[in-house]
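K.L.:
Give me a model of this one.
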Amino acid sequence: MDTSIHTLITKRLMGTISTEEKEYLQEWIDNHPGEKAKYEKLLNSTVLAERYMQYTQVDADKAWEKLQAQIHEHTETEENMSSTKRTSIIHLLRHPAFLRIAAVVALLIVGGAFLYHREYIKVTPPLITENVQTAMLQSKESGHHDAEIITSKTANKDLISQEDLALYHVDDNFVEQLTAATRITTYHNKEYWTQLSDGTLVHLNYNSRLIYPEKFGDRRDVILEGEAYFMVAKNKHKKFVVHTPQGDITVHGTEFYVNTHASKIIGTDEESTEVVLMEGNISFTPIDGKELPMQPSQQLCVANKQLTIRYIDTAPYIAWNEGKFLFEAWPLERVMNVLSHWYDIDVQYASESLKDKQIDGYFDRYDNIESILESLETVLGVRITKRGNHITIN
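P.N.:
From the prediction side, this is the model:
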């Protein structure tokens with residue numbers, strides 16, 4: 001099978017395929033009936049890594065041939081490497097045990113979910129758990145996975161305005177990278193998963209925007225407006241920086257959550273940002289401020305140039321990334337605000353006191369809303385009436 005088709009099928013399984021690429025792949029499948037059954041089997045499999053492995057049928061010897069070609073190309077262009085050092089490295093790489101291991105690792109990294117990257121020695125893509133893979137599939141199957149995607153090639157004007165360059169304090173190095181970039185904007189009731197060129201996985205919530213270079217340079221910079229969960233590829237040589245209006249988040253490889261629309265959560269009318277660290281180490285540098293390190297399970301909030309850090313339970317944030325709603329002692333009004341965005345509904349209350357009713361709940365975000373409303377009725381002892389996209393709570 002043609003290598004480009006392998007790549008397109010991989011993108012299809014990962015959910016990163018473009019509309020044009022998807023149409024091309026479907027046309028190819030239609031013209032190759034013998035491959036259709038295998039392709040459909042892959043799509044029906046529930047575990048991403050498993051179905052990818054079914055398809056690739058990894059051959060260590062062939063993998064090594066590809067890896068060896070990449071190494072040969074790299075060593076020829078490394079003008080500053082001494083002949084003695086180069087010879088030593090090549091002898092090491094030719095050792096049978098190393099050849100076998102390197103070939104398999106290059107194709108199986110992260111359970112086979114990512115293709116071999118020429119800098120695999122330096123970069124460790126994030127571990128995509130089965131819960132996250134299932135959430136990605138459910139998002140697509142339920143119709144919640146959608147966004148407007150514009151690239152530098154398709155845009156009628158610059159992807160980012162001069163005003164935004166200043167707002168997100170973008171330096172000349174980053175501006176140069178943005179000459180070939182992508183902008184993803186989610187709709188008011190949709191979400192979107194995207195994989196960056198280094199293997200980093202980003203989960204965007206509704207009404208959010210992510211701008212990033214097609215290929216990273218000596219740094220890995222992205223711009224975020226809204227809400228996102230980052231699973232960053234580890235690379236000790238290239239820091240990963242998320243630019244927000246309130247400041248920059250710097251990391252080398254970890255999982256964290258960012259929300260630049262956190263005013264309702266923090267309880268202020270001012271522009272505000274929330275950062276929650278799940279694992280690893282990150283730092284936040286506010287505008288005109290000093291870099292502040294964060295530890296796992298810490299939440300950082302910044303509003304009106306005031307900054308606070310505290311320890312919290314990160315379970316609700318992890319649950320969201322895995323396709324769940326986890327409400328812990330939330331008032332009903334806050335719960336319904338989340339549900340109204342997600343399911344595109346309007347909510348009315350028969351009395352103000354209903355808004356303050358507390359609820360603890362754990363729901364599947366891809367269930368239909370009727371099942372969630374039934375649970376709320378039972379737990380809270382209220383009556384909920386739904387007519388079209390309008391809900392009344394009595």
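K.L.:
where does the chain have its least confident helix or strand?
P.N.:
Each helix and strand of the chain was given a mean pLDDT (mean pLDDT, DSSP states H and E); the minimum falls on helix 48-56 at a mean of 42.
K.L.:
what's the neighbour count on the spatially closest residue to residue 168 that is not a sequence neighbour?
P.N.:
The spatially closest residue to residue 168, leaving aside those adjacent along the chain, is residue 243, at 4.2 Å (CB to CB, 6 or more residues apart in numbering). No exception for glycine: its C-beta is placed from N, CA and C like everyone else's. When counting by other CB atoms under 10 Å, one arrives at 22 neighbours for residue 243.
K.L.:
residues in contact with residue 243?
P.N.:
168, 169, 170, 174, 221, 222, 223, 224 (CB atoms under 8 Å, 6 or more residues apart in numbering).
K.L.:
Residue 256 now?
P.N.:
When contacts are taken as CB under 8 Å, 6+ apart, residue 256 is in contact with 229, 230, 232, 249, 275, 276, 277, 278, 280, 282.
K.L.:
you'd agree it is in a helix?
P.N.:
No - going by DSSP: H, G, I helix; E, B strand; the rest coil, the assignment for residue 256 is strand, not a helix.
K.L.:
who does it bridge with?
P.N.:
Beta-bridge pairing of residue 256, defined through DSSP bridges, involves residue 230, residue 277.
K.L.:
Give me the below-cutoff pLDDT ranges for the chain.
P.N.:
Across the chain, the stretches falling below the confidence threshold (pLDDT under 70) are 1-4, 6-7, 10-11, 13-16, 34, 38-122, 263-270.
K.L.:
just to revisit the earlier point, of the contacts of residue 256, buried ones?
P.N.:
With neighbours counted by 16 or more other CB atoms under 10 Å, the contacts of residue 256 contain buried members at 229, 230, 232, 249, 275, 276, 277, 278, 280, 282.
K.L.:
of all the residues you listed, which comes closest to residue 198?
P.N.:
The shortest approach to residue 198 among those belongs to residue 232, at 8.4 Å (CB to CB).
K.L.:
Would you confirm that the closest one contacts residue 249?
P.N.:
No - Residue 232 lies out of contact with residue 249 (CB atoms under 8 Å); the separation is 10.1 Å.
K.L.:
one step back: among the contacts of residue 243, which lie within helices?
P.N.:
For the contacts of residue 243, membership in helices holds for residue 174, with DSSP state H as the criterion.
K.L.:
now, which of the contacts of residue 243 lie within strands?
P.N.:
Restricting the contacts of residue 243 to those inside strands, with DSSP state E as the criterion, leaves 221, 222, 223, 224.
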